[in-house]
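Enquirer: for reference, the sequence and a predicted model appear below.
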Amino acid sequence: MSRQPCAIEAGDGITLDVRIFKPPATTNPSSSPPSKGNIVIVLVHPYSVLGGCQGLVTGIARNLANQGLAAVTFDMRGVGRSTGTPSLTGFSEVNDVVSVCKWVLMNLCSNRIVLVGSSAGAPIAGSAVDQVDEVVGYVSIGYPFGITASILFGRHHKAILQSPKPKLFIMGTRDGFTSVNQLENKLKSAAGSVETHLIKGASHFEMEGPAFDSQMSNLIVKFISKL
């Protein structure tokens, strides 16, 4: 596994700090022409306003690369070395996700992307899913569907729930922002293939920690194997 940092330009003049996690050379998708199997996972970090950054999803990206899948992390606008200012509702950041996806398609010899969003990164990623045709799947880790969180992120719900693309929702049963009932009720109206995976006893912020990185990457790999 190797890690490569770079900077890319978002569509509205924002510069984003990006890191590419590449598998061993024998399975590196950059070393061969695009094919159906050349999936790259783009990970979207938790809420920027509360200190979210790409470092929180680096462990998952590293594990994915070690399992033979290229992964990309980045700091959204206003975080770390990325320029600009974070937005409260995450709608400006949707453009960041789309810009990274388009860069991946042009520079990593990939023709398929899976978006993975953690916490507030889940609604942001969900709003980008159907803006990039080559996104073939979506994974949410702790999507904040709850009433209080919906004040900020409720307008994102429709995009991912109406998307026909395959979806996996991972959540702890002790998530402080969304109850199991709230998750299940929301997903009743979801289009396309929808999977859920509940982690017994896990809280929202606990799942953002390194103790769950291996489990998260394994669930993502299993989901991708069915695409």
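Expert: All right, it came through fine.
Enquirer: so for the worst-scoring helix or strand of the chain on mean pLDDT, what gets flagged as buried?
Expert: In the chain, the helix or strand scored least confidently by mean pLDDT, DSSP states H and E is strand 2-9, which has a mean of 86. The neighbour-count criterion (16 or more other Cβ atoms under 10 Å) identifies Ile8 as the buried residues of strand 2-9. In this view, the C-beta of every residue, glycine as well, is placed from N, C-alpha and C.
Enquirer: same question for stretch 152-160.
Expert: Neighbour count says stretch 152-160 has 152-153, 156-157, 159-160 buried, by 16+ other Cβ under 10 Å.
Enquirer: does anything pack onto whichever strand in the chain runs longest? Which helices or strands?
Expert: Here the longest strand in the chain is taken by residue count, with DSSP state E as the criterion, and it is strand 194-203. The criterion is 3 or more Cβ pairs under 8 Å, 6 or more residues apart in numbering; DSSP states H and E, and the helices and strands that strand 194-203 contacts are strand 167-174, helix 180-187, helix 213-225.
Enquirer: with respect to burial, which of these scores highest?
Expert: Most buried of those, by mean neighbour count (mean count of other Cβ atoms under 10 Å): strand 167-174, with a mean of 21.
Enquirer: direction included, what does it pair against?
Expert: Looking at strand 167-174 with DSSP bridges, its partner strands are strand 135-141 (parallel), strand 194-203 (parallel).
Enquirer: and the angle for the shortest one with helix 180-187?
Expert: What that stands for is strand 135-141. Here strand 135-141 runs at an angle of 160 degrees relative to helix 180-187 (axes from the mean of the first three to the mean of the last three Cα atoms, to 10 degrees).
Enquirer: quick one: contacts of strand 135-141?
Expert: Contacts of strand 135-141 from elsewhere in the structure, counted by Cβ atoms under 8 Å, 6 or more residues apart in numbering, are 39, 101, 112-119, 122, 125-126, 128-129, 160, 163, 165-171, 207-208, 216, 219-220, 223-224, 227.
Enquirer: same question, the longest one
Expert: Surrounding strand 194-203, the residues in contact under the criterion Cβ under 8 Å, 6+ apart are 166-176, 180, 183-184, 187, 207, 212, 215, 219, 223.
Enquirer: quick one: buried residues of it?
Expert: 194, 199, 202-203.
Enquirer: related to what we said a few turns ago, in TSV: the strands paired with strand 167-174, plus distance to Ser2 and mean pLDDT.
Expert: Supplementary listing: the strands paired with strand 167-174 in TSV, determined by distance: least, Cβ to Cβ, whole Å; pLDDT from 0 to 100:
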stretch	distance to Ser2	mean pLDDT
strand 135-141	23	98
strand 194-203	29	98
